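Peer 1: With the sequence up front, the predicted model follows.
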Amino acid sequence: MTDDNDTERRTSRRAMLWTTVAALAAAATAPQRTAAQAKIAQNLVHYQEKPKGNQECDNCLHFIPPSSCKMVAGKINPKGWCQLYAPKPK
């Protein structure tokens, strides 16, 4: 019985290793997404053209002057706001 358990353990280890190798190979050969594809649509993050209190795009960590965002697609108003707002560190 011990021999059967050892054989099963070796087989399952071998299967796990091959699965890992296959997954890594697939990930390495997968096409990389461009930054534009990775951005989220404005309506999905409730983007608005006006600030929410003192929270506005130009003091957000994700804002790229003059009118872009690392996270949200499209033209961004520096005085706008969305749910992904994250204040810049001081």
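Peer 2: Good, I have the coordinates.
Peer 1: hey, C-alpha coordinates of stretch 38-55 in CSV?
Peer 2: Extracted in CSV, the C-alpha atoms of stretch 38-55 (Å, rounded to 0.1, in the frame of the first residue of the first chain):
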residue,chain,number,x,y,z
ALA,A,38,-6.7,48.7,-19.4
LYS,A,39,-8.5,51.9,-18.6
ILE,A,40,-12.1,52.0,-17.2
ALA,A,41,-15.0,53.8,-19.0
GLN,A,42,-16.0,57.0,-17.3
ASN,A,43,-19.6,55.9,-16.7
LEU,A,44,-18.5,52.9,-14.8
VAL,A,45,-16.7,55.0,-12.2
HIS,A,46,-19.4,57.7,-12.1
TYR,A,47,-17.0,60.3,-13.5
GLN,A,48,-18.4,63.9,-13.3
GLU,A,49,-17.0,67.2,-14.6
LYS,A,50,-17.2,68.9,-11.2
PRO,A,51,-15.4,68.1,-7.9
LYS,A,52,-17.0,66.4,-5.0
GLY,A,53,-16.2,68.7,-2.1
ASN,A,54,-12.4,69.2,-2.1
GLN,A,55,-11.9,65.9,-4.0
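Peer 1: Pull the number of nearby residues for A27.
Peer 2: 8 (other C-beta atoms under 10 Å). In this view, the C-beta of every residue, glycine as well, is placed from N, C-alpha and C.
Peer 1: does it sit in a helix, a strand or a coil?
Peer 2: Three-state call for A27 (DSSP: H, G, I helix; E, B strand; the rest coil): helix.
Peer 1: any idea how far it lies from T20?
Peer 2: 11 Å (C-beta to C-beta, to the nearest Å).
Peer 1: And the helices in this protein, which stretches?
Peer 2: 2-29, 35-38 (DSSP state H).
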